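Chemist: Provided below for reference: sequence and predicted model.
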Amino acid sequence: MFQFILKRVLMVIPTFIAITLITFALVHFIPGDPIEIRMGERGLSPEVHQQMMEQLGLNRPLFEQYISYIKGVLQGDLGRSFRNNEPVIQEFFTLFPATVELAFFALLWSLILGISLGVIAAVKKESWISHTVTTLSLTGYSMPIFWWGLVLILYISTPLGLPASGRLPSEYWIEAETGFMLIDTWRSDEPGAFLAAIKSLILPAIVLGTIPLAVITRMTRSSMLEVLGEDYIRTAKAKGLNTTRIVIVHALRNALIPVVTVVGLIVGQLLSGAVLTENIFSWPGIGKWIIDAINSRDYPVLQGSVLIIATIIILVNLIVDLIYGIVNPRIRHT
């Protein structure tokens with residue numbers, strides 16, 4: 001077991017190094033001068049431009065900039081934003097709770113509905129229900145996030161009275177003690193603020209959770225069909241056990257093992273999908289922050305945010321991999 005854990009942990013190191021290299025290279029290949037974007041082309045003299053390049057360290061060779069960047073990362077310093085001179089890591093964890101809240105509820109509803117639909121589609125595998133679930137899951141997986149978000153805003157937001165932007169309507173003022181709006185509104189004295197926060201969360205959570213829903217539904221259905229064909233399930237049926245007990249207690253528990261692995265991959269999908277979702281719904285989280293950094297060529301923000309998100313995804317997948325190895329001992333020997 002120790003060798004299995006050590007092997008998985010050591011595999012993280014080259015992945016982490018590769019991420020820093022790729023992120024640094026791609027960020028610096030983005031066209032546009034961050035100084036000109038920040039100051040404006042008019043009235044920016046060559047002397048001032050050169051002075052600011054030296055001040056920000058952009059006049060040095062890329063190799064030296066990368067080494068300096070790595071030294072900072074190893075010391076827990078991801079640099080300061082070009083726009084407001086704030087520490088990148090501080091800005092990230094100030095905005096991160098908004099993204100976590102959105103991603104959590106997107107994953108929650110997609111898990112509950114996806115597993116339920118997958119089980120029903122597997123049990124009723126030759127019925128119209130199964131074909132409908134399969135068709136809808138394919139449609140949901142193929143649906144572009146930006147298009148789906150605009151459709152919900154145009155046709156669902158106004159009729160149902162659901163907010164189309166922000167985490168809370170402007171008439172409420174809540175002090176962000178934890179950064180999680182549902183917790184802060186629940187603890188506040190503002191009447192109706194908690195319900196308003198839930199309403200603001202519904203549409204972006206639906207948009208962000210649609211693709212994970214499709215993946216979980218198809219994976220659950222496929223895994224359930226495989227398990228329902230096993231000998232011990234046929235034996236349980238022959239003994240006259242209740243169908244519900246067979247499906248939930250005996251089949252579903254074993255069918256969820258591959259689904260757990262998929263959830264680890266979905267975390268990365270949720271964080272990447274949040275970039276588009278947050279911009280569509282003006283959700284003040286990491287995704288919107290990254291888009292703003294791209295528009296202003298804020299290199300430290302881009303490098304730091306991508307690195308932290310990639311690290312989170314790596315750690316989540318590492319944990320899922322270790323859990324999978326504990327649940328299924330055969331994986332330890334691969």
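Modeler: That came in fine, so what should we check first? As the structure is a prediction and not an experimental result, all values here were calculated from the model.
Chemist: Give the buried residues for stretch 117-133.
Modeler: Across stretch 117-133, burial judged by 16 or more other C-beta atoms under 10 Å covers 117-123, 130, 133. (Each C-beta comes from the backbone N, C-alpha and C, glycine too.)
Chemist: Pick out whichever of those residues sits closest to G240.
Modeler: V123 (17.7 Å; C-beta to C-beta).
Chemist: Please look at that closest one and R221 and confirm they touch.
Modeler: No. Using C-beta atoms under 8 Å, V123 makes no contact with R221, being 9.6 Å away.
Chemist: quick one: contacts of stretch 277-297?
Modeler: 30, 32-34, 37-38, 81-83, 91-92, 95-96, 98-99, 102, 145-146, 149-150, 153, 164-167, 203-204, 207-208, 271, 274-276, 298, 301-302, 305-306, 309 (C-beta atoms under 8 Å, 6 or more residues apart in numbering).
Chemist: circling back to that earlier point, now flag whichever of the buried residues of stretch 117-133 is closest to G72.
Modeler: Lowest distance from G72 to the buried residues of stretch 117-133 (C-beta to C-beta) belongs to G118, with 45.0 Å.
Chemist: what's the helix or strand for the closest one?
Modeler: helix 88-123 (DSSP states H and E).
Chemist: Show me what whichever helix or strand comes after that helix is packed against.
Modeler: Remark: after helix 88-123, the chain's next helix or strand is helix 128-142, criterion DSSP H and E. Using 3 or more C-beta pairs under 8 Å, 6 or more residues apart in numbering; DSSP states H and E, the elements in contact with helix 128-142 are helix 88-123, helix 193-228.
Chemist: Restricted to buried residues, select the contacts of stretch 277-297 in ChimeraX.
Modeler: Here is the ChimeraX command that selects the buried residues among the contacts of stretch 277-297 (16+ other C-beta under 10 Å):
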select :34,81,82,83,91,92,95,96,98,99,102,145,149,153,164,167,203,204,207,208,271,274,275,276,298,301,302,305,306,309
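Chemist: Would you mind listing the residues in contact with I35?
Modeler: Taking C-beta under 8 Å, 6+ apart, one finds 44, 49, 52-53, 56, 58 in contact with I35.
Chemist: Just put the helices and strands packed on helix 128-142 in a markdown table and tack on distance to V249.
Modeler: Listed next are those as a markdown table, based on distance: least, C-beta to C-beta, whole Å:
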| stretch | distance to V249 |
| --- | --- |
| helix 88-123 | 12 |
| helix 193-228 | 12 |
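Chemist: Export those as TSV, with columns for distance to I246 and mean pLDDT.
Modeler: Below are the helices and strands packed on helix 128-142 laid out as TSV (distance: least, C-beta to C-beta, whole Å; pLDDT from 0 to 100):
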stretch	distance to I246	mean pLDDT
helix 88-123	10	91
helix 193-228	9	90
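Chemist: Mean neighbour count, these: which tops it?
Modeler: Among these, ranked by average contacts under mean count of other C-beta atoms under 10 Å, first place goes to helix 193-228 (a mean of 22).
Chemist: which sections of the protein are below the confidence cut-off?
Modeler: Confidence mapping of the chain against pLDDT under 70 gives the ranges 1-2, 4-5, 37-44, 324-334.
Chemist: Check which helix or strand the residue positioned nearest the centre of it maps to.
Modeler: Geometric centre of the chain, nearest residue: L271, 2.0 Å, by C-alpha atoms, centre = their mean. Taking DSSP H and E as the criterion, L271 maps to helix 253-280.
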